[in-house]
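Colleague: sequence first, predicted model second:
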Amino acid sequence: MIKIRKAENRGHFDFGWLNTYHTFSFGDYYDPTHMGFRSLRVINEDVVQKGRGFPRHGHRDMEIFTYILQGALQHRDSMGNGSIIRPGDVQRMSAGTGVTHSESNASPDEPVHLLQIWIVPDEEGIAPDYEEKRFPEDEKRNELRLIISPDAAEGSVKIHQDARVYAALLDSGHDVSHALENGRHAWLQVAAGSVTLNDISLKQGDGAAVSGESAIRIAAQEPSEILLFDLA
């Protein structure tokens, strides 16, 4: 079974400095029929204008990772981390017992376009932690590149949950396939372009929940960027 979450049906707020879309309930957007999928709790697509950002704020007991689509994001946190992440970088912050952080557009000239994703950890009360890695374009070109996993397989960022996340940059006419083990589920998020998922058409911003399928095939109708979540 494949259930589509259309881009235009997401929660949407435009604050001028921030244009944000919420795939699942978040902040002032509440929809009891879209509270997450399996351990996947948040997918926010944000465009932050130059010179603006999110002031220091706190989180607990959540695996938070940031995936940059365009521009650069400045990160600072109470663990002493400070960095600028760009397209190709994956940043993971395990909030655990509590952490504060701020995020701001690092560019004086252009907006930063990003996906912020939260996954519920398999254990509460862990020590806060931070990790950041770069995944070159050629490793994602027409391939599903593992970027997040519970065991840091293939050089991926480690997460405290039975979830594996793949990224791909697909050229027009190319496709990738992924087998789902019995009892596993998937979420596909189209970050850019347009694709078909088992012959179902999806465009930028669309998501799809997949359950009860043994395999999925994703084919690009134009140059596209996708994230694929393999979830317990």
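Modeller: Thanks, I have it.

Colleague: quick one, what contacts the closest residue to K6 other than its chain neighbours?
Modeller: Leaving aside its sequence neighbours, K6 sits nearest to D206 (CB to CB, 6 or more residues apart in numbering; 5.8 Å). Every C-beta, even on glycine, is put in place using the N, C-alpha and C of the backbone. Going by CB atoms under 8 Å, 6 or more residues apart in numbering, D206 touches I4, R5, K6, A7, Q189, V190.

Colleague: switch to 10 Å and redo it
Modeller: Contacts for D206 (CB atoms under 10 Å, 6 or more residues apart in numbering) come out as 4-10, 23, 188-190, 194-195, 197, 200.

Colleague: the residues you listed, buried ones only, as a PyMOL selection?
Modeller: Burial among these is assessed by 16 or more other CB atoms under 10 Å; the matching PyMOL selection reads:
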select buried, resi 5+7+10+23+188+189+190+194+195+197
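
Colleague: and the contacts of D206, which is closest to F135?
Modeller: Distances from F135 to the contacts of D206, taken as CB to CB, are shortest for Q189 (16.2 Å).

Colleague: pLDDT score assigned to E132?
Modeller: Looking at E132, its pLDDT stands at 92.

Colleague: what's the closest non-adjacent residue to it?
Modeller: Closest residue to E132 apart from its sequence neighbours, by CB to CB, 6+ apart: Q91 at 4.7 Å.

Colleague: ok, A215 next?
Modeller: Leaving aside its chain neighbours, A215 sits nearest to A179 (4.8 Å; criterion: CB to CB, 6+ apart).

Colleague: isn't the one you found right up against V210?
Modeller: No - if you go by CB atoms under 10 Å, A179 and V210 don't touch, sitting 11.9 Å apart.

Colleague: more neighbours: these two, which one.
Modeller: V210 (24 against 10; other CB atoms under 10 Å).

Colleague: which residue, other than its chain neighbours, is closest to that one?
Modeller: A186 (4.0 Å).

Colleague: same question for A127.
Modeller: Of all residues not flanking A127 in the chain, G96 sits nearest, at 5.4 Å (CB to CB, 6+ apart).

Colleague: got the phi and psi for E225?
Modeller: Per-residue torsions, E225: phi -130, psi 130 (degrees, to the nearest 10).

Colleague: and it, what does it touch?
Modeller: Neighbour list for E225: 67, 69, 87, 115, 140, 167-170, 189-193, 195, 204 [criterion: CB under 10 Å, 6+ apart].

Colleague: this protein: helices as residue ranges?
Modeller: Ranges of helices in the chain, per DSSP state H, are 137-140.

Colleague: check the offset of the worst-scoring helix or strand of it on mean pLDDT from the chain's centre.
Modeller: Least confident helix or strand of the chain, by mean pLDDT, DSSP states H and E, is strand 53-59 with a mean of 74. Mean-position distance between strand 53-59 and its chain equals 18 Å (CA atoms, centre = their mean, to the nearest Å).

Colleague: with stretch 202-216 instead?
Modeller: 14 Å.

Colleague: distance of L227 from A191?
Modeller: As for L227, its distance to A191 is 6 Å (criterion: CB to CB, to the nearest Å).

Colleague: do P128 as well
Modeller: From P128 to A191 the distance is 27 Å (CB to CB).

Colleague: one more: L144?
Modeller: Taking CB to CB as the measure, L144 falls 14 Å from A191.

Colleague: low-confidence regions, the protein specifically.
Modeller: Along the chain, segments meeting pLDDT under 70 span 101.

Colleague: so H59 touches S102, yeah?
Modeller: No - taking contacts as CB under 10 Å, H59 lies outside contact range of S102: 11.9 Å.

Colleague: list the residues that contact both of the two?
Modeller: What both H59 and S102 touch, as defined by CB under 10 Å, 6+ apart, is the set D77.
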